[in-house]
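Novice: based on what follows, work out the 3D shape:
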Amino acid sequence: QVQLVESGGGSVQAGGSLTLSCRVSGISESDISMGWYRQAPGKERDFVANFARAGYKNYRDAVKGRFTISRDNAKNTVYLQMNDLKPEDTGVYFCNFYSQSQRDYWGQGTQVTVSS
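Specialist: Below you'll find the predicted structure:
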């Protein structure tokens, strides 16, 4: 059974920090990319950050310098360290695993709320 289990969301004030975790299990193939997306209320799901081929890291422009993506392959876990959070970072954050066979897998989402 494929599972992407996210944790670490919560409510913080602007300028605060949170670290999201996503543990992946049940996928027998390696990834093309693995990372995070977010969906603000009433908006589409948007890319935030990911690991692409050869470990190259990609970030959405709005989070560069504030968010850091990392992974622990031994734990099949990807992390998103979020610093200097802003109200516009509020949304549901989803973990994504895009497999070698070009299948998209998603976590259930974790809520991040940043108050001003």
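Novice: which helix or strand contains the most centrally placed residue in the chain?
Specialist: Geometric centre of the chain, nearest residue: residue 36, 2.5 Å, by Cα atoms, centre = their mean. Using DSSP states H and E, residue 36 maps to strand 31-39.
Novice: tell me the helices and strands packed up against that strand.
Specialist: strand 18-25, strand 45-51, strand 67-72, strand 77-82, strand 91-99 (3 or more Cβ pairs under 8 Å, 6 or more residues apart in numbering; DSSP states H and E). Heads up, the C-betas are built off the backbone N, CA and C, glycines and all.
Novice: dump the ones you listed into TSV; add mean neighbour count, mean pLDDT and distance to residue 31 as well.
Specialist: What follows is the helices and strands packed on strand 31-39, written out as TSV (neighbours: other Cβ atoms under 10 Å; pLDDT from 0 to 100; distance: least, Cβ to Cβ, whole Å):
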stretch	mean neighbour count	mean pLDDT	distance to residue 31
strand 18-25	18	96	8
strand 45-51	19	96	8
strand 67-72	16	96	10
strand 77-82	22	97	9
strand 91-99	21	96	5
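Novice: in CSV, list those strands along with distance to residue 8.
Specialist: Listed next are the helices and strands packed on strand 31-39 as CSV, based on distance: least, Cβ to Cβ, whole Å:
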stretch, distance to residue 8
strand 18-25, 4
strand 45-51, 14
strand 67-72, 13
strand 77-82, 8
strand 91-99, 9
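Novice: OK, contacts around residue 85?
Specialist: Counting by Cβ atoms under 8 Å, 6 or more residues apart in numbering, residue 85 makes contact with 12, 14, 15, 16, 17, 18, 66, 112, 114.
Novice: distance of it from residue 74?
Specialist: 29 Å (Cβ to Cβ, to the nearest Å).
Novice: now residue 109. Nearest residue, chain neighbours left out?
Specialist: Among residues not flanking residue 109 along the chain, residue 92 sits closest, at 4.2 Å (Cβ to Cβ, 6 or more residues apart in numbering).
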